[in-house]
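Colleague: Sequence and computational prediction follow.
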Amino acid sequence: MESGNTFWADKAALDWQIELGADECIADAPVDRYSLAASLPKKTAAKITPELPLSVESDPIDAARRAADSAHDLEGLRAALAAYEHCELKKGARTLVFADGTPKARVMIIGEAPGRDEDRQGLPFVGRAGQLLDRMLEAIDMGRDRNVYITNVLPWRPPQNRDPKPDEIAMMKPFVERHVALAAPDLLVVMGNISCQALLGRKGITRLRGNWTEALGKPALPMFHPAYLLRNPAAKRDAWADLLSLKARLRETA
């Protein structure tokens, strides 16, 4: 009776291991399953051949870099972004928000991500924050219609205007880098915490703003995002100082 009970217990244990996939004993010598698979019918070989690691092409960041590097002009970069399928934000957005303003302008402004109005119109900085930005630029005799080029780190609106996730920023960074290279501005204005995180690797816009630094090989000025200024009007004084600093730097490097 005891022997019978052991048999069924052992059988149940073996059945359980087989269900988990442990259906072979460990041999004294390793088995080259690739060579073994080559000598078997295709259906049988597929069952015993281990899966290969994911190819480099399946890595979203690498795919983004390849797509961005393949663009030879701004229109090519827009097309590469439109064809990029690895970012989930694309599925929930209405439009691709690429850029606005004057290509090859001396100043390139890089914001964070599109909002509702930008998503509807397909242009960056067109809502209340964008209107404030236009007034800020006009105050130093600048504007997107003549000497400023504008884009965002993300070309698609995040749901409910939430902050972009780190993986989303990482996927889009190769496109931003290529965008700057193709637009070839003299100076960058990095607006907001998300932009600073993406381009400078740092956050804390209240500490960073107004201090010239370097991003992507260009002199860069971190500034408050206009949306922040709408919520905190007292910060407009600092923004005005930053605008004057931008104007002075342009004059010095003319």
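Modeller: Yep, it's here. Numbering: from 1, shown residues only.

Colleague: Strands of this protein, residue ranges please.
Modeller: With DSSP state E, the ranges of strands along the chain come out as 100-101, 107-111, 148-152, 187-191, 213-215, 218-223.

Colleague: quick one: contacts of the shortest one?
Modeller: Meaning strand 100-101. By Cβ atoms under 8 Å, 6 or more residues apart in numbering, the residues outside strand 100-101 that reach it are I109, L123, P124, F125, V126, R144, D145, V148, Y149, I150, T151. All C-beta spots, glycine's among them, are computed from the backbone N, C-alpha and C.

Colleague: tally of neighbours for the third one?
Modeller: In other words, P124. 27 (other Cβ atoms under 10 Å).

Colleague: again with the second one
Modeller: One way to gauge burial is a neighbour count; for L123, by other Cβ under 10 Å, it gives 19.

Colleague: Quick check: closest non-adjacent residue to it.
Modeller: Leaving aside its sequence neighbours, L123 sits nearest to D100 (Cβ to Cβ, 6 or more residues apart in numbering; 4.6 Å).

Colleague: Pairing partners for that neighbour in the sheet, please.
Modeller: For D100, the beta-bridge partners are I150 (DSSP bridges).

Colleague: quick one on the thing from earlier: highest mean neighbour count out of the strands of the chain?
Modeller: Greatest average neighbour count among the strands of the chain goes to strand 107-111 (a mean of 27), per mean count of other Cβ atoms under 10 Å.

Colleague: which other helices and strands contact that one?
Modeller: Other elements packing on strand 107-111 under the criterion 3 or more Cβ pairs under 8 Å, 6 or more residues apart in numbering; DSSP states H and E are strand 148-152, helix 166-183, strand 187-191, helix 193-200.

Colleague: helices and strands of the chain: which one has the lowest mean pLDDT?
Modeller: Sorting the helices and strands of the chain by mean pLDDT, DSSP states H and E puts helix 42-48 at the bottom, at a mean of 52.

Colleague: Distance of the residue nearest to L123 relative to Y149?
Modeller: According to Cβ to Cβ, to the nearest Å, D100 stands 8 Å off from Y149.

Colleague: Could you do L200 as well?
Modeller: L200 sits 19 Å away from Y149, going by Cβ to Cβ.
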